[in-house]
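Q: Predicted model, plus sequence, below.
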Amino acid sequence: MAESAFLSIEHVSFSFGKTDAVHDFSLEVAPGSFTTLLGPSGCGKTTLLRLISGFLEPQSGCIKINGVDQHGIAPNLRNVGMVFQDYALFPHLTVEQNLLYGLKLKKDVDKTQWSGLIHQTARILGLSALLERYPHELSGGQQQRVALGRALVLKPCILLMDEPLSSLDAKLRTQVREELKDIQSQLGITTVYVTHDQEEALSLSDSIAVIHHGQLQQAGTAQEIYFRPKNRFVADFVGCANFIEAAASFSKKADAEIPADGTVCMARPDWLSVHPLSSDDALSGSASGAPEPVLTGTIISASFIGSCIRYRVRCASFSGGVCVVDAPTRDGMALSAGTPVSITMQKSYAME
């Protein structure tokens, strides 16, 4: 592992009975970075958090924090903060008392520092006016900040977060994740965040580790993961993807450079365009005035999703059967189901 990594996970495996939860997993987390573990439910994300925090011990491999092997070190001695999915706030305690709870258990923090740490944390998180309230008197976003504050007040060297925004509605989730990223950047704390939400991962992260069946599929920046996925699982899980087998004629028909005949190309829905075909166009397979197509087909649905209209197009020559295309919204007008169309490609990525 590189010396610059603050958190190193080295060939770690863990099983529940005969079920592999994590298998030969290696990852480096840079100091001060925001790293997201992204994958479907049951892929091993939360198990990895529990291994980092010390609630579970690796059955093989090791985990190092700041170069120190954590084997045998109890959770309360690792200086790791944890924010749980359900917040786990004490309902009978005020905000101030919830923040204080962890400090009372931390024997190396002098009591004279408690008040200063609480008020400093409350100020950073915008909780100063809420210290006397109880959890049931707070909004979902405020409860999330209290849970975050309870971890931050302990001054951890690493912050672990297990899907902390999953219980919030869509608008509040967007607002809180922006606040969360601002706070993390301000404090410069090394953060490992778990989610199955691709948009959340792309918007928050300095680095993303995509996991499937307990194995690392790809680690990299959001741009690397989205534009240059390592395999089909990553391409299809992080956003929507069409997989189009290149034909010899594509190189002349597409605006994008298409690789050799037979190579599978990934195209995101917004990398494609649809063009309605007239009855004459349908015979030639190309819309008048439009670039030469890579596919032709018939629209089976059109869904308005704000900034774009998502078309599902049935293409007889497309191995996937249905191609997904996102077209910019123009006055809310959409092509109707049953419309014959050609599909052109602006860009693509050749899969290995």
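A: Good, I have the coordinates.

Q: residue ranges for the helices of the stretch 151-300 of the chain, please.
A: 170-187, 198-204, 222-227, 232-237, 250-253, 279-284 (DSSP state H, counting those that start in this stretch).

Q: Reformat the ones you listed as CSV; add distance to residue 212.
A: C-betas here are computed from N, CA, C, even on glycine. Formatted as CSV, the helices of the stretch 151-300 of the chain follow (distance: least, Cβ to Cβ, whole Å):
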stretch, distance to residue 212
helix 170-187, 23
helix 198-204, 13
helix 222-227, 13
helix 232-237, 5
helix 250-253, 30
helix 279-284, 41
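
Q: Residue 36: which of those is closest?
A: helix 198-204 (4.4 Å; Cβ to Cβ).

Q: Show the average pLDDT along the closest one.
A: For helix 198-204, mean pLDDT is 93.

Q: Now tell me what touches it from outside.
A: Contact with helix 198-204 is made by 34, 36, 38, 165, 173, 177, 180-181, 193, 195, 208, 222, 225-226, 237-239, as judged by Cβ atoms under 8 Å, 6 or more residues apart in numbering.

Q: Now tell me which helix or strand of this protein has the poorest mean pLDDT.
A: The least trusted helix or strand in the chain, going by mean pLDDT, DSSP states H and E, turns out to be helix 250-253, with a mean of 46.

Q: out of everything not next to it in sequence, what's closest to residue 324?
A: Closest residue to residue 324 apart from its sequence neighbours, by Cβ to Cβ, 6 or more residues apart in numbering: residue 269 at 4.7 Å.

Q: Make sure that neighbour is actually in contact with residue 313.
A: No. Using Cβ atoms under 8 Å, residue 269 is not in contact with residue 313; the gap is 10.4 Å.

Q: Those two: who's more crowded?
A: Neighbour count, other Cβ atoms under 10 Å: between residue 269 and residue 313, residue 313 has more, with 27 against 18.

Q: so how far is residue 300 from that one?
A: 7 Å (Cβ to Cβ, to the nearest Å).

Q: Report the contact partners of the residue nearest to residue 324.
A: 240, 242, 310, 324-326.

Q: top of the residues you listed by neighbour count?
A: Most surrounded of the contacts of residue 269: other Cβ under 10 Å gives residue 325, at 27 neighbours.

Q: Looking at strand pairing, list the partners for that residue.
A: Beta bridges link residue 325 to residue 311, judged by DSSP bridges.

Q: Over to residue 29?
A: residue 7.

Q: Quick check: it touching residue 37?
A: No. Residue 29 is not in contact with residue 37 according to Cβ under 8 Å; the separation is 10.1 Å.

Q: Dihedrals phi and psi, residue 101?
A: phi -50, psi -50 (degrees, to the nearest 10).

Q: wait, it sits on residue 90?
A: Yes. Assessed by Cβ under 8 Å, residue 101 is found in contact with residue 90 at 6.7 Å.

Q: And the closest residue to residue 39 other than its chain neighbours, how close does it get to residue 45?
A: Leaving aside its sequence neighbours, residue 39 sits nearest to residue 211 (Cβ to Cβ, 6+ apart; 3.7 Å). Distance of residue 211 to residue 45, given as Cβ to Cβ: 6 Å.

Q: So for stretch 79-94, mean pLDDT?
A: 89.

Q: Ends of that stretch, what's the gap?
A: 24 Å (Cα to Cα, to the nearest Å).

Q: Low-confidence bits of the stretch 201-350 of the chain, can you list those?
A: Within the stretch 201-350 of the chain, the stretches with pLDDT under 70 are 246-262, 279-291, 331-332.

Q: please redo it, this time with the cut-off set to 50
A: The model of the stretch 201-350 of the chain has pLDDT under 50 over residues 248-249, 251-256.

Q: All the strands of it, in order from the start?
A: Using DSSP state E, counting those that start in this stretch, the strands of the stretch 201-350 of the chain run over 207-212, 215-220, 242-245, 264-267, 272-276, 295-304, 308-314, 322-328, 340-345, 349-350.
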